[in-house]
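Undergrad: what follows is a protein structure lacking sequence information:
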Ligand SMILES: CC(C)(COP(=O)(O)OP(=O)(O)OC[C@H]1O[C@@H](n2cnc3c(N)ncnc32)[C@H](O)[C@@H]1OP(=O)(O)O)[C@@H](O)C(=O)NCCC(=O)NCCS
């Protein structure tokens, strides 16, 4: 399936390193939806231990990155997982807007429940946030429509499915790169110090021309799906 992610976002170092290993090492946590021979949606999740003494059941500030680190580290050390986190749900660009994401999420919830887990969590990347990169995530995440559902379309899908918004993960994903890399990823000049608005980014990227790099720290929104 064609990737619909902005190019910079696949350069999170942990994702770059561990994403390809998910299919090989956690095949029970990968779903695809097909129509004929065509893949029209895909979903990844990872099991990890959240209720340990050190982690205390608290969803981590470094959301998505933390789940990748914990899941692979728990697996290597033989730590029994007690929670599953969604890592990605995406729909082919020409099939978006048809309700497929809700069906993928329902399939993930059902499969995780059937595997005996009491909770599915997700570090959600709100799909409407790139339209207002300067709004603090803490404000955006809790904004609701008149009907009480989240303002953000993707958060709305999660809440409709039964999720509760838990917290903001302020540094869910970090992408750092040289100015040359950022220019290649975005086509933007990256020659001025300070915040840069990049299409597809949830918050501005910080550019440090004098030090030769720019860094993007992406906030996500933790949601919890009780499955009991
Ligand atoms: C976010 C994503 C998964 C949503 O999937 P989808 O199947 O297109 O969404 P749905 O058809 O189920 O619609 C969900 C809601 O978003 C709304 N929506 C759909 N496309 C929209 C758009 N372009 N702009 C605004 N709202 C939109 C729908 O109206 C619906 O809300 P409603 O039911 O309250 O009306 C999909 O856009 C996607 O794959 N994006 C790229 C990858 C990504 O960002 N994944 C999420 C992080 S893992």
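TA: Noted; the coordinates are in hand. Everything numeric here is computed off the predicted structure, so don't read it as measured data.

Undergrad: up against the ligand, what does the protein have?
TA: Contacts of the chain with the ligand, taken as CB under 6 Å from any ligand atom, map to 4, 88-91, 96-102, 125, 127, 153-154, 156-157. (C-beta placed from N, C-alpha, C; glycine too.)

Undergrad: filter those down to the buried ones and hand me the PyMOL line.
TA: Entered in PyMOL, the line below selects the buried ones among the residues of the chain next to the ligand, by 16 or more other CB atoms under 10 Å:
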select buried, resi 88+89+90+91+100+101+125+127+154+156+157
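
Undergrad: give me the subset of the residues of the chain next to the ligand lying in helices.
TA: Counting by DSSP state H, the residues of the chain next to the ligand place 100-102, 153-154, 156-157 in helices.

Undergrad: residue 63: which of those is nearest?
TA: Relative to residue 63, the closest of these is residue 154; by CB to CB it sits at 14.7 Å.

Undergrad: what helix or strand does residue 123 sit in?
TA: Using DSSP states H and E, residue 123 sits in strand 119-124.

Undergrad: give the other helices and strands that that strand contacts.
TA: helix 63-77, strand 83-91, helix 100-114, helix 153-161, strand 164-178, strand 213-226 (3 or more CB pairs under 8 Å, 6 or more residues apart in numbering; DSSP states H and E).

Undergrad: format the ones you listed as TSV; extra columns: mean pLDDT.
TA: What follows is these, written out as TSV (pLDDT from 0 to 100):
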stretch	mean pLDDT
helix 63-77	98
strand 83-91	97
helix 100-114	97
helix 153-161	98
strand 164-178	98
strand 213-226	98
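
Undergrad: hmm, who's touching stretch 183-190?
TA: Stretch 183-190 has contacts (CB atoms under 8 Å, 6 or more residues apart in numbering) with 6-8, 11, 177, 179, 182, 196, 198-199, 207, 209, 214.

Undergrad: buried subset of those?
TA: Applying 16+ other CB under 10 Å to these, the neighbour count classes 6, 8, 11, 177, 179, 182, 196, 198, 207, 214 as buried.

Undergrad: tell me who's in contact with the residue nearest to residue 155 when sequence neighbours are not counted.
TA: Once flanking residues are discounted, residue 155 sits nearest to residue 126: 5.4 Å by CB to CB, 6 or more residues apart in numbering. Contacts for residue 126 (CB under 8 Å, 6+ apart) come out as 137, 140-141, 152, 154-155, 202, 220-221.

Undergrad: go again with 10 Å.
TA: Residue 126 makes contact with 137, 140-141, 143, 150-156, 158, 202, 219-221, according to CB atoms under 10 Å, 6 or more residues apart in numbering.

Undergrad: try residue 177
TA: By CB under 10 Å, 6+ apart, the neighbours of residue 177 are 8, 11, 183-186, 190, 205, 213-216.

Undergrad: one more time with 7 Å, if that's ok
TA: By CB atoms under 7 Å, 6 or more residues apart in numbering, residue 177 lies in contact with 11, 213-214.

Undergrad: go through those and say which is closest to the ligand.
TA: residue 11 (15.9 Å; CB to the nearest ligand atom).

Undergrad: please identify the helix or strand for residue 184.
TA: Element membership of residue 184 [criterion: DSSP H and E] is helix 179-186.

Undergrad: mind listing what's buried in that helix?
TA: 179, 181-182, 185-186.

Undergrad: repeat that for stretch 123-139.
TA: Judged by neighbour count (16+ other CB under 10 Å), stretch 123-139 contains these buried residues: 123-130, 133, 137.

Undergrad: give me the mean pLDDT for that stretch.
TA: Regarding stretch 123-139, the rounded mean pLDDT is 98.
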